[in-house]
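K.L.:
My questions concern the predicted model and sequence given below.
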Amino acid sequence: MQVTTKNDRSLWEVIGDYFRANSIWMKWYCTGCGAIEMPPTMTSRFDMEQLGMGPMATPRQADVLLITGYLSTKTLRRVIYSYEQMQDPKYVVGFGSCTLNGGIYYDSYATINQLDQYLPVDLYIAGCMPRPEAIMNSFATLIEMIKKGEARGWKHYQENYDWYKANQMDSLGEVIIHDEFHE
Amino acid sequence: MTNSTNNWIECLKKETGLEAKEGTASLQYVLDVDKQEAHQTLAYLKRAGFGQLSLLTCIDWIEQGTFQLIFILMHWELGHHLIVRALLDRENPEFTTITDIYPGAAYYEREVYEFFGVHFRGSAVYQKPLFLERWDDMPPLRKDFDPQAYSDGKFPKREHPHVFKANVVEVTE
Ligand code: SF4
């Protein structure tokens, strides 16, 4: 599905995007094996902070949500919870082939195959798993996209909320979590 | 040392007639039991020092038409692992709960029920969902479950516009 939102930012949004792009807080949801590439990216070897990015403890204060690998239906429910808690504007980055097309879990009974059916993905990083160089590269791309106003996934989510919700319902049945810890 | 090491093996043989065999790893033993006597054997083994249940899981031997329950027990003083195995009928898989012997088994029983559909009689909680949420098909680790078909029906796939083919080069002499 094509992102159809027009790029009509007000002057304040342009200014906001410019500053926002230089100070990004990210929340990484360590669902799959790809999460193991985050520590070298964040620490001194590749030093994500040179791009002005830092880790954030909670989704409510984060700008970027990283989905680092395969998502089981069970995890997807929690990820949707996290995404909905984040404040606009918010961006989603899909890590690795599992988020793109299912990767090696393409025939699993438990994992979804295509993340952008359920959440608006601004950027995918191909690879199984993507190396820190690729991650740094994609962060630089994401910053450019935010500056130019091209990372519009969150607007697309608002405008096509019904479509996303219908897809979530088709695969999950319901997003609300019922388990012994939430009851 | 040797004496105390083999103590439980001899006692087990004397008192129940069951013979524990050496396993493939060192300090590992294997014991095949009947479904009927599994429960009392486990109770006996716990008294004999196997205080820890490390794992309860199941294997689907679909060609033989059986499920095999696997209990891995650990003896903390001797460092022995004992694998107790029992066969169940695949059509009607039933077993008596062992939560009265090893209370922690409640979670394993829930898992085995969820993934293989084995019923644990006498347990109040074994049918409570543990891992799978809103599961709507046959237990997924049974060998006759088709994960590809389930995935195709449930999760949208990305269309690939290109089909990549290997370029086969024929070598002629
Ligand atoms: S893409 Fe590869 S590394 Fe990443 S979660 Fe999937 S299998 Fe693991």
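P.N.:
Ah, there it is.
K.L.:
Show me which residues of chain B are close to chain A?
P.N.:
Residues of chain B that fall close to chain A, judged by Cβ under 8 Å from any Cβ of the partner chain: B:128-129, B:131-134, B:136-137, B:140, B:145, B:147-148, B:150-151, B:154-158, B:160. Placement of C-beta: from N, CA and C, glycine included.
K.L.:
Next step: the residues you listed restricted to helices.
P.N.:
B:147-148, B:150-151, B:154 (DSSP state H).
K.L.:
For the buried ones among these, write the corresponding ChimeraX selection.
P.N.:
In ChimeraX syntax, the buried subset of those is picked out as below (16 or more other Cβ atoms under 10 Å in any protein chain shown):
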select /B:147,150,151,154
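K.L.:
Now do the contacts for B:Met74.
P.N.:
Applying Cβ atoms under 8 Å, 6 or more residues apart in numbering or on different chains to B:Met74 gives the contacts B:50-54, B:80-82.
K.L.:
same check, this time on B:Gly122
P.N.:
B:96-97, B:99-100.
K.L.:
Quick one: those residues as TSV, columns for neighbour count too.
P.N.:
Listed next are the contacts of B:Gly122 as TSV, based on neighbours: other Cβ atoms under 10 Å in any protein chain shown:
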residue	neighbour count
B:Thr96	17
B:Thr97	19
B:Thr99	19
B:Asp100	13
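K.L.:
Of those, which is the nearest to A:Thr43?
P.N.:
B:Thr99 (45.1 Å; Cβ to Cβ).
K.L.:
show me the contacts for the nearest residue to B:Gly117 once chain neighbours are set aside.
P.N.:
Using Cβ to Cβ, 6 or more residues apart in numbering or on different chains and skipping the chain neighbours, the partner closest in space to B:Gly117 is B:Pro139 (4.1 Å). B:Pro139 makes contact with B:113-117, B:145, according to Cβ under 8 Å, 6+ apart.
K.L.:
coming back round to it: of the contacts of B:Met74, which is the nearest to B:Arg121?
P.N.:
B:Leu53 (18.3 Å).
K.L.:
Surely that closest one is in contact with B:His75?
P.N.:
No. Counting by Cβ atoms under 8 Å, B:Leu53 stays clear of B:His75, with 11.7 Å between them.
K.L.:
Quick one: name the residues of chain A near chain B.
P.N.:
A:73-74, A:77, A:100-102, A:106-114, A:117, A:167, A:170-174, A:177-180.
K.L.:
Go again with 10 Å.
P.N.:
A:72-74, A:76-77, A:100-102, A:105-118, A:167, A:170-174, A:177-180 (Cβ under 10 Å from any Cβ of the partner chain).
K.L.:
For the residue nearest to the spatial centre of chain A, give me phi and psi.
P.N.:
When chain A is reduced to its mean C-alpha position, the closest residue under Cα atoms, centre = their mean turns out to be A:Val92, at 2.3 Å. When read as degrees, to the nearest 10, the backbone of A:Val92 gives phi -120, psi 130.
K.L.:
in the sheet, who's paired with it?
P.N.:
A:Leu65 (DSSP bridges).
K.L.:
now the helices for chain B?
P.N.:
Under DSSP H, chain B gives helices at B:2-5, B:7-16, B:35-47, B:105-116, B:147-154.
K.L.:
Determine which stretch of the ones you listed is the most buried.
P.N.:
helix B:105-116 (a mean of 21; mean count of other Cβ atoms under 10 Å in any protein chain shown).
K.L.:
quick one on the thing from earlier: I'd say the residue nearest to the centre of chain A and A:Pro120 touch.
P.N.:
Yes. A:Val92 is within contact range of A:Pro120, at 6.2 Å (criterion: Cβ atoms under 10 Å).
K.L.:
Now do the shared contacts for those two.
P.N.:
The contact sets of A:Val92 and A:Pro120 overlap at A:83, A:151, A:153-154, A:157 (Cβ atoms under 10 Å, 6 or more residues apart in numbering or on different chains).
K.L.:
Get me the contact residues on chain A for the ligand.
P.N.:
A:32-34, A:69-70, A:96-98, A:103-104, A:128-129 (Cβ under 6 Å from any ligand atom).
K.L.:
Just the pLDDT at the nearest residue to B:Lys154 once chain neighbours are set aside, thanks.
P.N.:
Setting aside the residues directly before and after it, B:Lys154 is nearest to A:Ser171 in space (Cβ to Cβ, 6+ apart), at 5.7 Å. Here, the pLDDT recorded for A:Ser171 equals 90.
K.L.:
Right, I'll leave it there.
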